[in-house]
Structures are given as C-alpha cells and as structure tokens.
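> structure for the following, please:
(chains A, B and C)
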Amino acid sequence: MRSAAKDYETVIGLEVHAQLLTRSKMFCGCPTTFGAAPNSQTCPICQGMPGTLPVINRRAIEFGVRTALAFHCTINPGCRFARKHYYYPDMPKNFQISQYEEPLAEHGWLEVTVDGQERRVGIQRLHLEEDVGKLIHDGPLETARSSLVDFNRSGVPLMETVSEPDIRSPEEAAAYLRAFRAILLYLGVCDGNMEERSLRCDANISLRERGETGFGTKVEIKNMNSFRNVQRALEFEVGRQTEALARGERLVQETRLWDADRGYTRSMRSKEFAHDYRYFPEPDLVPLTMDRARVEEIRAGLPELPADRRQRFMRAYTLPAYDALLLTQSRALADYYEAAVREFARPKIVSNWIMSELLREIPADDEKALAASPVPAKNLAGLLQLIDRGTISGKIAKDVFEKMFRSGEDADTIVTREGLIQVADTGALAAIIEQILAANPKAVLDWKRGKKAAAGALVGHVMKATQGKANPGVVNSLLQEKLSQL
Amino acid sequence: MQDVEHVARLARLELSPEEGERMREQLDRILGYIDKLRQLDTAGVEPTSHAVPMVNVFRDDEPRPCLSPEEMLANAPDRSGEFFRVPRIIED
Amino acid sequence: MRGGAGLSVSNPLTESTAHELVEKFRSGAATPSAATRAYLDRITALDPTVRAYITVTRERALAAASAADERWRTGRPKGPIDGVPTAVKDVLCTKGVRTTCGSKILERFVPPYDATVIERLEAAGAVILGKTNMDEFAMGSSTEHSAFFATRNPWDLSRVPGGSSGGSAAAVGADLAAAAIGSDTGGSIRQPGAFTGTVGLKPTYGRVSRYGLVAFASSLDQVGPLTKDVADAALVLRVIAGHDPLDSTSADVPVPDYAAELSRPIAGLRIGVPKEYFVEGMDPEVERAVREAIEVLQRLGATAEPLSLPTTDFALAAYYLIAPAEASSNLARYDGVKYGSRVASAKDLIDMYSKTRAQGFGAEVKRRIMLGTYALSAGYHEAYYAKAQKVRTLVRRDFEAAFSRVDVIVAPTTPNVPFKLGEKEDPLAMYLNDIFTIPVNLAGLPGLSVRCGFSLASLPIGLQFIGRPFDEATLLRAASAYEQATPWRDRRPSLG
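Numbers count the residues shown, from 1 in each chain, chains lettered A, B, ... in the order given. Next comes the predicted model:
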C-alpha cells in the first residue's frame, strides 16, 4: 500500500532578510548598534520627520553587490529604490524604502548539501531596503491594550534574498539557510544572529502531486527564529498539509505563525486582506547604475567562499568530505583550522581535535566566540605537539585541553605545573613494572599459558600506578621484555 | 470612482457617508478632466520620475551623532518612558 | 484707519528692497535692528488685516538683528543679506519654532532641526521674522486652504494673494518683510508672486536643497524667493542655492553670482512665445499686459518668435496624478504616533489612524490623498500614475525642443488676475488657475514671475520667464532688464 504522504512533493521557497553590518543606517548617519536604550539611536531622518530626506549608504550597496556575486547573481546594470506602502506603527513614514521592479540583482544560485548530495537552489532576486522599528506589546498582541515603539532599528540596512521554489524538504531548507548564513559570515556582511533577528527567514510552502509541474496552494510561515525552528515549522506544515489533502480538504492561501513553544503553526486569523502596496519609484533618491568595472573590482575582492574552501580542504589536507564541510561552516572556524595546521602539520589529527574538543565548547558557526577562543589555534597546536613528542598521553591531553579552555593558559604551562609530563624514563618504569609483576602473579601466569591479552591488564595497572603519566608505548615494550625474561 | 470606501481605507481616512458622497462627486469631476490623457499616444515613451536626471548619489558609511530620546519624543502625542505608545493593534 | 492710530507704519525702511537695506546698513544710514523693529511694528499694525504670518518670532528676530548690528558696525557682515528681515513659509522646518505647514495635524509640531535653507539664510545673516501662512501642505492656489485663516491680497483685501505661498507673497507685497521664502510644486511661488505683484522665482529642480522642506510632491517641490524686485531675488537665490549632501536630488552645479549677471544687456536674447499660453477664456487684460511686455523686451534688443509646446494642454491632468500620488505617500506619516495631533479617543490603532487623519487634514488635502492613493492603487496604477509619468516625458521634450531655438520662454504667469476669497469653490476651477505654471514643474525648469502691469481694477499682473535647467541667471537678467525699463515697480498697495 502506498501511503498518501508519498504522493506529494514538498515545494519550499525561502525569503531571508539579513541586517547588513554597516556602521551607520541605510539612509542616515545613526549607528546600527544593537541593544541600545530605546529611541536613543534615532534622528529626524530614520524617524521619518516631516522634511527629512534619505541618502543611500554606499557600503550597503557594496555589501549587496558582494553578496549577490557570491550567490552567482546577475547584477542589474541599473537599479532603483521604491516606496512600499502600508500602515504599521513600527514604520515611521508608513512606507518602507525598498526595491521593487528594479532590484539590485537577480538569477543566482546557492549550493546546498544534504546527506552528502549537492544541489543548486535558485535565487530569484536580491534587493536592499530599510528595516522597521520594534514593537513591544503589553502582553500578547491579541490582548494588549497598547504597544510601545522603539525606532532604534528603523532604517538599519536589510538585504532581502528570495529563493526560487526549488527546495524539496524541510531538511534542505535548513541546509539552504546554513549555507546562506555561512556565505554571509564569510563575506563579513552580516553577523548571522537569528536570535537577535539580524538574520530572519520566512518560508513559502506548498505540496503538489509528484510529477506535477504547477504549484499547490501556498502558505507563508513566519516567526521562525532559528534554523532548528525553520526545519521544525516546515516539518509540521508538511504534516498538516499532507493530512488536510489526504482528508480531501482544500488548503487556503494564508500566513501562519510558528509557535515554537507549542510546536505548531497557526493561522494569523486575519481576513485575507489583499495588500495593495502602491509601489512607485522613491522620488527622494536617484537611480543607481552599476559600473561594470566596479562590479568586477568587487568580484576580485571576494574572499574564498565556503564551497571553494571545502573543496580545497579535501584536496590540500586530504580531509574526508564530512570534516571539510564541518570545518568550513564559518570563516572563523576554517581560519582556526588552517592556523592550527600551519603550526602542527597533521591535518586529520587537527581536524579530529577541533571536532571532538573545540566544538564541544563552541558552536561551529559562532564567529565571535571562535575568534575569541580561550584556546587559540596556536595553543591547540602546542598541545598536539606535546602528544606527538610523547610528552603527554592523548588521554591526559583531553584533560589538559579542558583546563586550557577554562584558564586560557597554554599546554606547557599546565603540564609543567601539574606534573603531567609522561614518564618515559625506562629505569623508573622498569622498577614500577617489577612491582606490578610481583603483585599480580595470576596475570603473569595467564600470560605464560598463552593468554597474551593478560598483558593489557598489566599495562592498565602500570598506567594506574603512574596516574596515566607513563608513556604507553614504552610501558608496552618494557613489559613484553620483562615477561619474556621470566 | 468606483470604490471610495476602499481607497479611503487604504489611505486611513475616515469619511462620513456624506463626505464620501461629496468626495466621489468631486473626484469624478477631476478624473473626468484627467481622462483627456487618453487622447495622448504614449506608446514607447519612457516615464520620467525626475525631471533633472541624476544617478549614483551616496553618502559614506560614517556614523553621525543621534538626537537624544528626549528630543525625539518631544512631539509624541503619547509616550511611556522612552517609548512612543500606540493604542491596541488589531490586524486588518 | 486700518493701520491703527498712532503707529507710523509707513517707513522708508520697510519700503526699501533688501539690497537697498543692505546699502543702508553698509553706509550706517540704518541698522538691522532698526529695520527689524520697523517691520515688527508694521506687522503689529497691519498683519491683523493682511494675515500673512502664522507665527512671528519677535524675540529671536530682535536678537538676530542685534548680532547683525554688531557685525555691520565692525565692518564684518556675514553675507550679502546680513540683517535683512526675512519671512519664511511655514513649510520649512525651523529648529525650536513650530512648523505647521498650514495644517491642524502639525499645529503643535516643533522640529528638532533646521531646514538647509534656514541654515543657509542664517549663515548669511538673514533675520527671520516669522513663519508665513500657506495652503495646507502647500496644496492650493489661494491660501484659503490654510487650516488657520485666509491671507488677504494687499492690493485688494477682498481678494486672495494666490497660493500656496500666499503668506510669503502677501508679506513681501504688503512690506511686512523685506524678502520671503516660498515653495513651488505647481506654481506656488510664481502664482502668488503674480497676484501680489512681487517677484517669485522657482529655481531649477535640484538647485535649492529640499532638506527640511515638508514634502508635498517630492519630484516637483522647489524652494525659492519672493522679493520686492529682481535684484533681491538674485541676492536671495545666491544665498540659498547650491549642493546639499543631505538631499540626494540636489545638483552639484556651481552657483553663479546672479547679481553680477543682472547688468548684462539682453540685446540678442532669443525669446520664445508659446501659443498654448494664450488661451481662450483667459483674462484679456492679462493677455494685453503680457503682449506689451514682449514688445518691451523686443525694444530692449531681444528677438521674439512664436513657438509651440503641444503637450501643454495635458500637463495639468498629468500633474493632478503625479503630485497627489507623491503627496498621498508623503502624508502617510501623519498618523498620530510620532508627532502632530492625535484624536483623544479611539478604540484601536486603525481607528486612531483614520480619525486622526480625518480630523487633522482639511478637505483639499483629503481630496488629493484620495486621488493619489487611487492613482497608485492596484488596477489603476498603469492607466493613471504610469501614464502621467510618460506624459511628463512629452512635456519635457516640448521644452527641450523649444530651448534648442530660444534662450528663454515668456508667457503669462496666470490666466487671470487675483480672484475673490470664496470665489473658486469648485476644486477643478481652482486647479485650472495653475495651467501656465505646472508644465514648468513637470519639466523641472526654472521659472520667474515679475510684475508687468495692472488691470483696470489696479490688480497686479504677472509675466513669467521660463529658462533652461540651471539657467536662472538668464531669467534674472531678462526680468531685471524688463523691470528697469518699465514703471510698474513704483506702485505700492495702499494699506497705511
């Protein structure tokens, strides 16, 4: 029996808004600092006072072009800003300066990896606009008697990127977002923080019968504030829509909000009010032309991007695909890895240590925390050198790493102070081994009768007696020697 | 004009029924005059949004001092602390 | 006596032009304080009748004048209009001085910043007397659409001074300011200039910064002077013109010394006379005065040739889509949240918005917001807004073609002399008053109105000069030559 779910294909398109890391706002000189006191980062321009006029931030345009090039988009030879009208109290002018018919860039793609499979997801358009202010409701919106407005965020540059409806599963949507975010971080155009809303994602999702080329009824999902929530919300929605269709219901085109606490989406309950944004070219700004030479200059200045770096890691360091993907997730992590490998040229060992130890402490995409890691790449390399030289054992090294992470000290300092240096002195070890052999006659007997595994237990006793500081290689060969002499 | 109420709603203007009716009459007369534009063939004509064509006007990404919240809130019809306050929001 | 007994309101200082005043300051024959006091006295005596001012900034003016006294005394004037008592249309933001735009919705709005034009005036030493009345949000041609009161025409108090800069025009026309600043979106400087017999100059779009000018229609608005004579217009334009990094549409074009251009003769100047500006239904007295003015210009050595601007008849219709469309957008911000008035009781946000705007805006503003919203709305955008923008291209091309043959175009400023208050109740009839000024805004060109005679009823008539982009110098030169060659400048209204 074929289950109903198998008859449908999921079609997802994502709209991502990214706050650009400019120093000042999109159209005025107010700083873009996050978390300042309410209404302290505003001026007559970003508060839309009568008579004020916008002036375009040059760097915001450059950031847009950089990103568009990284997404393989065509930069339009001309673009312009337009006014998008709707009334909402977080929007001081009751129109948003955005782009409409003439966006900055179009027709790009992004490489997405799911289950080791690479796919291209098309990018329809990329444009720039201004962010709105922040509303604080007196309780839930539905019951709040009043709301408070803070315009600090109003006018912060936003880059909106709309994907083609090329995404086929919630998992792929999450992968798209990860790849998207990684590129923004590599480019240094956005800090990618979804919790602080500097990166936001809305999704359009519909189902269609497999083999169908048209689209089903589209539902817009909002209010997803992490990668995980995007995936969860979409998974929920696939289930909801599949069940509805299986029951023979007709879906309605609507906007639904993801409720992360309860784990479901709910309709915004608004009457489906057809928005009429009444776009027209922003008369207070003049059109932009994209000088070919300047675009090529920006292209030439692009850093190595995640996909290229991943390929290079596999080639140059002969890393497995999994390691390369993980290590290139953020620029800070990939930089960390390469810095460590420069000091300690055994790429796979460095990769193992980063994946198992460093990433246990710091998320792979936390650029700031990685850059400020209490164990800098040089110190990790120092630790690995101690193992390599036989100064400490791998097991002790793990404890040392943790101590390094807590204290910020380097490996040498900790190992020396705590007397963790491995005992490789054959004289000292020989004496300990003699004692162990004397104390464990049964194990010795077993060994003599051919149970060679008994040696392992004896090594264990030696390690215990030396509090792990004995060099296991040296212990082993000394022990073999003694046993065969008995 | 077909739908005076719809346009008034888009423009967030409350009109009494009488006002709406008077508005419709006046706008119809004005639109009747404007209809003369149909006589003019504009096929292939580029629109002009600025009479004096200019391109590429920017400012450098330099932060400038803001005004104080007190200055920014001085004209507020209603406030709560350092925030502007608005009545309850009902989505339309 | 309207002037009020005991006050000597007629004063050589208030009858002086700005450049004459500056000469008196230079020679020590008068001081800015004396001039400012003379104007303030005259305002006290006459403005209750003329009603040109919404706000008089008496203390600030006296303080600014006394600082100017000191500069003149020590021989270090700030600029060419240092100490000149100047009125400013209440559409320009003035830091710490309420800026109403003639609207109830902004009745208590006190901007925390100055418009660039205000900064430039003050940097040049101008003494700002106050803020003048206007049609609400500059929408109108009579100043009757002010939310506060109507301004009277100094030549006939039963008539309108024109609009929307009617307060500024009446202030200069009635000697209640030595010079004034207005704004012109479809004729709002030139038409009241013509109606009050003052010189009104709308500069090229982009010539004067719009930063701090409360927007009506952003792609059409320009700030310019209203003055007692052409030389004063040259002086004031020089002060307020020039590139402003705060206005992206402000042109980075050098500003000539206009006053120095004025003395150049106009012999050989090629003047175009568009046949579409002499239409059936216009006042024959206006037509006669303008035709005579063209003969004067010819006698001064200019050549005149007829020409055609075929799209003229469509310009008004295009304007009444473009300007309201932009206005509907610019005025969306008046919603009772950040500034301006808010209705006391509203059941929710949308109710608050709709009621605040219904009570805060007057009928004409609401009409234009409705018209503009409609022109931009889904289903009508192409037929109205987009079509109008294409017609605008045709209007521009007409002028481009004309200016390949002539240096300046001469036409009437308005088809009629000033009308009576309350005479034009029908909005469309009011709009038709602007048919000769609107095409100039659509094309972004400079236009100047200068007095060219009087009707039998002693009402002033305006002659309009239209020039190439950024060629205000030629307009000023031609208008000045005309003004010098005719006796019209000598007449003043009898107000007391």
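> now the phi/psi pair for B:P87, please.
phi -60, psi 170 (degrees, to the nearest 10).
> how far away is it from chain A?
For B:P87, the distance to chain A (CB to the nearest CB, to the nearest Å) stands at 6 Å. Any C-beta I mention is one placed from the backbone N, CA and C, and that applies to glycine too.
> who touches that residue in this structure?
A:145-146, C:346-349, C:351-352 (CB atoms under 8 Å, 6 or more residues apart in numbering or on different chains).
> which of those sits closest to C:V296?
C:M352 (58.4 Å; CB to CB).
> what's the distance between the closest one and A:Y336?
54 Å (CB to CB, to the nearest Å).
> residues in contact with stretch A:435-452?
With CB under 8 Å, 6+ apart, stretch A:435-452 has contacts from A:454-455, A:457-458, A:461-462, A:465, A:482-483, A:486.
> please enumerate the helices of the stretch 201-350 of chain A.
Along the stretch 201-350 of chain A, the segments classed as helices by DSSP state H, counting those that start in this stretch run A:227-246, A:292-300, A:306-316, A:321-327, A:331-343, A:347-353.
> those helices: which one's closest to chain B?
Proximity to chain B (CB to the nearest CB) singles out helix A:292-300 among these, at 10.1 Å.
> can you give the distance from the closest one to the centre of its chain?
28 Å (CA atoms, centre = their mean, to the nearest Å).
> if you count contacts, what does it end up packed against?
Other helices and strands packing on helix A:292-300, by 3 or more CB pairs under 8 Å, 6 or more residues apart in numbering or on different chains; DSSP states H and E, are helix A:58-70.
> whatever helix or strand comes next after the helix it packs on: partners in the sheet, and parallel or antiparallel?
The helix or strand immediately downstream of helix A:58-70 is strand A:74-75, counting by DSSP states H and E. Strand pairing for strand A:74-75, using DSSP bridges, gives strand A:105-114 (antiparallel).
> show me what secondary structure element comes after the partner strand.
strand A:117-130.
> can you pull the contacts of residue 71?
I'll assume chain A. A:105, A:108-110, A:123, A:126, A:161, A:183.
> let's do chain C instead
Contacts of C:R71 (CB under 8 Å, 6+ apart): C:77-78, C:82-83, C:125.
> determine which two of those are furthest apart.
C:K78 and C:G83 (8.8 Å).
> identify the contacts common to those two.
C:68, C:71, C:125.
> my guess is the last one contacts C:A68, does it?
Spelled out, it's C:G125. Yes. At 5.4 Å, C:G125 and C:A68 qualify as touching, with contact defined as CB atoms under 8 Å.
> what do those two both touch?
C:77-78, C:82-83.
> show me which of the residues you listed is closest to chain B.
C:K78 (25.5 Å).
> okay, the contacts of stretch A:435-452 in JSON lines with pLDDT next?
Output for the contacts of stretch A:435-452, formatted as JSON lines (pLDDT from 0 to 100):
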{"residue": "A:A454", "pLDDT": "82"}
{"residue": "A:A455", "pLDDT": "82"}
{"residue": "A:A457", "pLDDT": "84"}
{"residue": "A:L458", "pLDDT": "85"}
{"residue": "A:H461", "pLDDT": "85"}
{"residue": "A:V462", "pLDDT": "84"}
{"residue": "A:A465", "pLDDT": "80"}
{"residue": "A:K482", "pLDDT": "83"}
{"residue": "A:L483", "pLDDT": "82"}
{"residue": "A:L486", "pLDDT": "74"}
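> out of these, which are buried?
Among the contacts of stretch A:435-452, the ones that count as buried by 16 or more other CB atoms under 10 Å in any protein chain shown are A:454-455, A:458, A:461-462, A:465, A:482-483.
> narrow these to those in helices?
A:454-455, A:458, A:461-462, A:465, A:482-483 (DSSP state H).
> so which residue is dead centre in chain A?
A:D365 (4.2 Å; CA atoms, centre = their mean).
> and chain A, which of its residues are near chain C?
Contact residues, chain A versus chain C (CB under 8 Å from any CB of the partner chain): A:44, A:47-56, A:83, A:85, A:87, A:89, A:92-95, A:147, A:149, A:274, A:276, A:278-280, A:283-286.
> buried only: go through those for me.
Using 16+ other CB under 10 Å, the buried ones in these are A:44, A:47-56, A:83, A:85, A:87, A:89, A:92-95, A:147, A:149, A:276, A:278-280, A:283-286.
> the contacts of A:F71: which two are farthest apart?
Maximum pairwise distance in those, criterion CB to CB, is 13.8 Å, between A:A105 and A:I183.
> of the two, who's got more company?
A:A105 (26 against 22; other CB atoms under 10 Å in any protein chain shown).
> give the contact list for the more buried one.
Contacts for A:A105 (CB under 8 Å, 6+ apart) come out as A:64-65, A:68, A:71, A:73-76, A:125-127.
> before we move on, back to that, filter the buried ones among the residues of chain A next to chain C by proximity to chain B?
A:44, A:47, A:55-56, A:87, A:89, A:147, A:149, A:276, A:278, A:280, A:283, A:285-286.
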